[in-house]
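Participant: Predicted model follows, preceded by the sequence.
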Amino acid sequence: MALVRTLNGISKSVFSSSISKSWLSSRQLAKPGFLARSTSTTKPLCEKKEVKVTFVRASGERIEAKAKVGDSLLDVVVNNEIDLDGFGACEGTLTCSTCHLIFSQKDYDKLPEKPTDEELDMLDLAYDLSDTSRLGCQIIMTEDLDGLEVKVPTTINDARS
């Protein structure tokens, strides 16, 4: 709090100089608390909300993972150190199809964005392609996707090969 008072004192002396007065109207300088509001003492919200995702391998094995809102499904696999052979080989640059995932129709319809032409071109090269296929690097987690379940295809095809 002492730091805030010191900063406000410095601000007052800077803003009360003749140069600063020409930049700020006398109304702004006369507003009560005008200078006090220029400093925040609250802690910023750094934690993103977590949601749950389940990856289902072709063998039926279920892998539950935590995801942060704003992360892509590729980020979820990397951050949770999930071993999906070859998954995300291009690191999300949309130049391969290794992060191909298959969604249920219900979950596919909940996805906030439709696939771009570039994503559809990469999906054309993926194995086990379905009407509800998407690339995990293009799916950004939202609170609405909490509990998402995705099927991991039997094998991958790296479109760069």
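Facilitator: Perfect, thanks for sending it.

Participant: drop to CA atoms for contacts and neighbour counts, all remaining ones
Facilitator: Fine.

Participant: what are the phi and psi angles of residue 139?
Facilitator: phi -100, psi 110 (degrees, to the nearest 10).

Participant: Report the contact partners of it.
Facilitator: Counting by C-alpha atoms under 8 Å, 6 or more residues apart in numbering, residue 139 touches 72-73, 111.

Participant: would you list the residues you listed in CSV and tack on neighbour count?
Facilitator: Listed next are these as CSV, based on neighbours: other C-alpha atoms under 10 Å:
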residue, neighbour count
72, 20
73, 25
111, 16
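
Participant: in the protein, which spans are strands?
Facilitator: Per DSSP state E, the chain carries strands over the ranges 50-56, 62-68, 100-103, 133-135, 148-151.

Participant: So which residues make contact with the second one?
Facilitator: Under the criterion C-alpha under 8 Å, 6+ apart, residues 48-57, 73, 76, 80, 141 lie in contact with strand 62-68.

Participant: give me phi/psi at residue 82?
Facilitator: Residue 82 has phi and psi values of phi -80, psi 130 when expressed as degrees, to the nearest 10.

Participant: give me the number of residues near it?
Facilitator: Number of residues near residue 82 (other C-alpha atoms under 10 Å) recorded here: 14.

Participant: measure it to residue 71 for me?
Facilitator: 15 Å (C-alpha to C-alpha, to the nearest Å).

Participant: got it, and residue 156?
Facilitator: From residue 156 across to residue 71, the span is 22 Å (C-alpha to C-alpha).

Participant: neighbour count winner among those two?
Facilitator: Each of residue 156 and residue 71 has its neighbours counted (other C-alpha under 10 Å); residue 156 has more, 21 against 18.

Participant: need the contact list for residue 145.
Facilitator: Contacts for residue 145 (C-alpha under 8 Å, 6+ apart) come out as 51, 107, 110-111.

Participant: and these, which are buried?
Facilitator: 51, 107, 111 (16 or more other C-alpha atoms under 10 Å).

Participant: Residue 122 against residue 92, yeah?
Facilitator: No. Counting by C-alpha atoms under 8 Å, residue 122 does not reach residue 92; the two are 11.8 Å apart.

Participant: Next, format the buried ones among the contacts of residue 145 as TSV and append distance to residue 98 and pLDDT.
Facilitator: Output for the buried ones among the contacts of residue 145, formatted as TSV (distance: C-alpha to C-alpha, whole Å; pLDDT from 0 to 100):
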residue	distance to residue 98	pLDDT
51	23	97
107	20	96
111	20	95
